[in-house]
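[1] With the sequence up front, the predicted model follows.
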Amino acid sequence: MNAKVSTVLSRDSFEKALRVKGAFYHIHHPFHRAMYSGACTPDQIRGWVANRYYYQINIPQKDAAIMANCPDAAVRRLWLQRILDHDGDEDSAGGIEAWLQLAEAVGLTREEVIDQRHVLPGVRFAVDAYLNFARRATWQEAACSSLTELFAPEIHQSRLDSWPAHYPWIEEGGYRYFRKRLSEARRDVEHGLGITLDHFVTEAQQQRAFEILQFKLDILWTMLDAMSMAYVHKTPPYHTVTDKQVWHRGV
Ligand SMILES: O=C(O)c1cc(C(=O)O)c2c(n1)C(=O)C(=O)c1cc(C(=O)O)[nH]c1-2
């Protein structure tokens, strides 16, 4: 009788295999490559900042959904920091405010960002898929979906390294968000990765973890596809019938 050869990955190999998924991170998307090679117009940078605002404001709701599904107080206590990072506390204004300062630094008004008039339907649907996944998945699966943050410090650093030279018209104060995320993302990943390595221990679970990480990579990539249609190819939704931004702002 043939014994089934186990293809369960060791903890180390599993972590390495998760990191290999970085090959599909949105740092490789043409829109991103254009951003850090200096090829973007001010309108393209503004479009990206205004659309990414929707991701920023959904992240703390996503993290609150994970906490709501998690019965482990020790995990919740650590996870709570993510919400404070974005929403702020009595000492610091937080990431959403820093993002609004980035918006102003690139020439947008707070009002036009906060009212979400520029948020493209494709971006909205992609971000909503992330929040909805966190609501319905187990807290360990939702924690696993945050692991694209493994690759985030590099992308924030690439902006800090390249944008000031390419886009001197962006005010320096706008870069605070990216600087702030360098250490926050590293700390988040340590926690999220620990949960994932502890929880996904069978072959089927590890395959599921790869699929969850790919789902999240798809979200980030799809957001940029929608922005490319609108700001690079100049084909935003309904462009064949109107040049007005008629799409909905969230229902
Ligand atoms: O600018 C980026 O490219 C980028 C990517 C990601 C990511 O990989 O999900 C996050 C962030 N930024 C970010 O700033 C952030 O706070 C964040 C939280 C999360 C998450 O899934 O919980 N991802 C990200």
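    Structure's in. What do you need?
[2] The helix or strand Ala143 falls within vs the ligand: in contact?
    Here Ala143, judged by DSSP states H and E, is contained in helix 139-145. No. Against the ligand, helix 139-145 shows no contacts by CB under 6 Å from any ligand atom, the least distance being 6.7 Å. Where C-beta positions appear, they are placed from N, C-alpha and C, glycine not excepted.
[3] and that helix, what does it pack onto?
    Packing partners of helix 139-145 (3 or more CB pairs under 8 Å, 6 or more residues apart in numbering; DSSP states H and E): helix 42-68, helix 121-136, helix 176-199, helix 203-227.
[4] Next secondary structure element downstream of the first one?
    Elements were assigned by DSSP H and E; along the chain past helix 42-68, the next helix or strand is helix 73-87.
[5] Look up how far Ser10 lies from the closest residue to the ligand within the chain.
    Residue nearest to the ligand within the chain (CB to the nearest ligand atom): Thr148, separated by 3.3 Å. As for Thr148, its distance to Ser10 is 23 Å (criterion: CB to CB, to the nearest Å).
[6] which one of the two has more residues nearby?
    Neighbour totals were compared for Thr148 and Ser10, and Thr148 leads with 21 against 8 (other CB atoms under 10 Å).
[7] Hmm, that one is touching Asp218, no?
    No. Applying CB atoms under 8 Å as the test, Thr148 and Asp218 come out as separate, 10.3 Å apart.
[8] For Cys144, give me the pLDDT.
    What the model reports as pLDDT for Cys144 is 98.
[9] Just give the number of residues close to it.
    Cys144 has 27 nearby residues by other CB under 10 Å.
[10] Check Ala142 too.
    25.
[11] Same check on Gln61?
    Other residues lying near Gln61 total 15 when counted by other CB under 10 Å.
[12] Looking at it now. What's its pLDDT?
    With respect to pLDDT, Gln61 scores 98.
[13] now the closest residue to it other than its chain neighbours: how far from Trp221?
    Closest residue to Gln61 apart from its sequence neighbours, by CB to CB, 6 or more residues apart in numbering: Leu131 at 5.9 Å. Using CB to CB, Leu131 is found at 17 Å from Trp221.
[14] picking that back up, check contacts around the residue of the chain closest to the ligand.
    Tyr25, Leu213, Lys216, Leu217, Leu220 (CB atoms under 8 Å, 6 or more residues apart in numbering).
[15] Let's see that with 7 Å instead.
    Counting by CB atoms under 7 Å, 6 or more residues apart in numbering, Thr148 touches Tyr25, Lys216, Leu217, Leu220.
[16] Extract the residue ranges of the stretch 1-150 of the chain that are flagged as low pLDDT.
    Scanning the stretch 1-150 of the chain for pLDDT under 70 picks out the ranges 1-4.
[17] Near the ligand, which residues of it are found?
    Contact residues, the stretch 1-150 of the chain versus the ligand (CB under 6 Å from any ligand atom): Ile59, Ser146, Thr148, Glu149.
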